[in-house]
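J.: Just the structure for this:
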Amino acid sequence: MKLNKPKFWDREKSLFSKFLLPLSFITQIIIWIKDKVIKPHSFNITIICIGNIYIGGTGKTPLSIFIANELKKNKKNPVIIKKFYKLHKDEHELIQNEYKNLILNKSRSQAINEAIERKFNVAILDDGFQDNAIFKNLSIICFNQKQLIGNGLVIPAGPLRENLSSLKKANIVIINGKRNEQFENKVLDLNKSLSIFYSNYKPLNIDRFLGKKIVAIAGIGNPTNFFNLLEDFKVNVVEKHEFPDHYEFSKSELTSIMENAKKNDYRILMTEKDYFRVKKFKLEDLDYLKVVLNINEKEKLIKKILENI
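T.: Now for the predicted structure:
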């Protein structure tokens, strides 16, 4: 069973973080060695990387889908590439439901070669910023405004896959949430050439849940973000069930939650990603929130991407 993300990762001062600092130091040494030893390989295809530094829950997959669809409108032939992990089937289905062209492989390099063979002209890597073996024409880094960089420490003392200074290798930062000038200044101090954009999620079926008592279920990178989104749109959430990212729900587990909800005339509401994981159970009373990603200054972002590829 997968473990939940440690709460202390998002707290500035924690004894747990201090205790784990020596291990984080080792992580940073390994990252430094990889940066020095592994040389990026160039491919005969444009590569856009949608990555993150904060581990999980930053919105890489929705952004990958959004950019793929926008590039398609601009006469490009993009494919989304994802490293294959068995537990990530929910994301695979989510992508294929919104954008058909997806290549899965345990090796990103092999997936890129397949994309070239199949005559795609843009490969969008859903994750892979830390993969030094691949040259990227453009790197876009996602943050969520609620967490940003957490306590600012590298795993296991904190939630960062590498130091924030790695943004020196990036071209664009997209922050999901409200504007944060302090964070903008922080990242621009590291890389003055960065372009910063903001995004948000717009629910499409929220009216169905207004005026109802809702039991919210989330097994994503940051479940709190889903709960906050519901509350921002005035959904009456009376019960919250938080699970780890890519959690494998059992039918009996969901049935138990549903039976308790039915007794109180509550409705069940999940994330779309969770729903793709459990729809095989064919439970009638499960519903999900359908959202779309909105990008502030969308045309400016797409122009920036096209200029760099």
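J.: show me where the stretch 101-250 of the chain has helices.
T.: Ranges of helices in the stretch 101-250 of the chain, per DSSP state H, counting those that start in this stretch, are 108-117, 181-190, 223-232.
J.: what helices or strands is the first one leaning on?
T.: The one in question is helix 108-117. strand 78-83, strand 102-105, strand 122-126 (3 or more C-beta pairs under 8 Å, 6 or more residues apart in numbering; DSSP states H and E). Backbone N, C-alpha and C define where each C-beta goes, glycine included.
J.: partners of the first one in the sheet?
T.: Strand pairing for strand 78-83, using DSSP bridges, gives strand 102-105 (parallel), strand 122-126 (parallel).
J.: Which positions in the helix or strand following that strand come out as buried?
T.: Downstream of strand 78-83, the first helix or strand assigned by DSSP states H and E is helix 89-98. Of all the residues in helix 89-98, those buried under the rule 16 or more other C-beta atoms under 10 Å are Asp90, Glu91, His92, Glu93, Leu94, Ile95, Glu98.
J.: sorry, back to before: will you turn the helices of the stretch 101-250 of the chain into CSV that also has mean pLDDT?
T.: Listed next are the helices of the stretch 101-250 of the chain as CSV, based on pLDDT from 0 to 100:
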stretch, mean pLDDT
helix 108-117, 98
helix 181-190, 97
helix 223-232, 94
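J.: Serialize those to a markdown table and add fields for mean neighbour count and distance to Ser250.
T.: Below are the helices of the stretch 101-250 of the chain laid out as a markdown table (neighbours: other C-beta atoms under 10 Å; distance: least, C-beta to C-beta, whole Å):
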| stretch | mean neighbour count | distance to Ser250 |
| --- | --- | --- |
| helix 108-117 | 17 | 32 |
| helix 181-190 | 13 | 39 |
| helix 223-232 | 18 | 18 |
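J.: Could you export the ones you listed to JSON lines, including columns for distance to Phe19?
T.: Shown next, in JSON lines, are those (distance: least, C-beta to C-beta, whole Å):
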{"stretch": "helix 108-117", "distance to Phe19": "34"}
{"stretch": "helix 181-190", "distance to Phe19": "26"}
{"stretch": "helix 223-232", "distance to Phe19": "24"}
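J.: got a list of what Asn191 touches?
T.: Counting by C-beta atoms under 8 Å, 6 or more residues apart in numbering, Asn191 touches Leu167, Lys168, Ala170.
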